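Enquirer: Would you be able to build a 3D model of this:
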Amino acid sequence: MNKHEAERNLELAWAEYRNYQQGILPAGPGGRELTEFFASIDAGPGTAGTPRIQRSDQEIHALLAKRTGVLHLGTANYCWFTDPSRALCLRLAGTPDGDRPLIGMCDSARCPQATHHPCHRPVWAEHAENTKTFLDQLGRTQTAEKKRLQAEHDRAAGVLARIDKAAEKAAGEPE
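Expert: You can find the predicted model right below:
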């Protein structure tokens with residue numbers, strides 16, 4: 001990973017960690033795992049019954065830097081490529097031993113290592129809107145295409161709903 005990419009990824013990880021601290025949680029199949037990682041940073045070292053120790057920024061920086069080595073950016077998601085055997089793109093391509101994700105093949109709505117964040121919302125909203133436009137223009141005889149596009153629209157709408165739900169929690173709105 002080149003220096004600029006590493007710096008950018010670290011900045012993104014810091015931003016998402018700060019979002020986590022403000023209650024803006026990642027959405028997507030990998031959201032829970034990333035939230036647990038951020039929670040482990042906040043929990044600090046120690047065991048139950050011992051006083052909680054506040055981590056320094058330098059310590060947090062080091063923990064985030066390790067995680068950013070597996071961060072790959074997609075147009076509509078972040079891929080936290082921690083385990084090639086869990087990468088949906090590699091399984092779909094028939095190359096489960098790959099050392100990098102195939103971002104162009106990413107189905108981030110189903111991959112267990114993908115997360116969606118507020119910055120990805122515009123991409124998903126545009127996709128849902130465009131799909132809806134095509135759906136509205138199909139004739140009655142195009143049932144197969146209508147079914148395929150409806151599933152695609154529902155998928156995009158579901159991702160949008162999960163991103164919005166995470167934002168509502170942060171704003172203190174009821175679920």
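Enquirer: Walk me through the domains of the protein.
Expert: Following automatic domain parsing, one gets these domains for the chain: 3-118, 120-171.
Enquirer: need those domains in a markdown table with mean neighbour count and mean pLDDT, can you?
Expert: Backbone N, C-alpha and C define where each C-beta goes, glycine included. Formatted as a markdown table, the domains of the chain follow (neighbours: other CB atoms under 10 Å; pLDDT from 0 to 100):
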| stretch | mean neighbour count | mean pLDDT |
| --- | --- | --- |
| domain 3-118 | 16 | 88 |
| domain 120-171 | 15 | 92 |
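Enquirer: And the contacts of stretch 11-29?
Expert: Residues from elsewhere that reach stretch 11-29 (CB atoms under 8 Å, 6 or more residues apart in numbering): 31, 34-35, 38-39, 41-42, 60-61, 64-65, 67-68, 71, 73, 77-78, 108-118, 159, 162-163, 165-167, 169-170, 172.
Enquirer: who touches the residue positioned nearest the centre of the chain in this structure?
Expert: Centroid-nearest residue in the chain, with CA atoms, centre = their mean: T115, separated by 0.9 Å. Listed by CB under 8 Å, 6+ apart, the contact partners of T115 are 26-31, 34, 77-78, 80, 108.
Enquirer: does it sit in a helix or strand, and which one?
Expert: Assigned by DSSP states H and E, T115 falls within strand 114-115.
Enquirer: Now the element after that strand, going C-ward?
Expert: helix 121-137.
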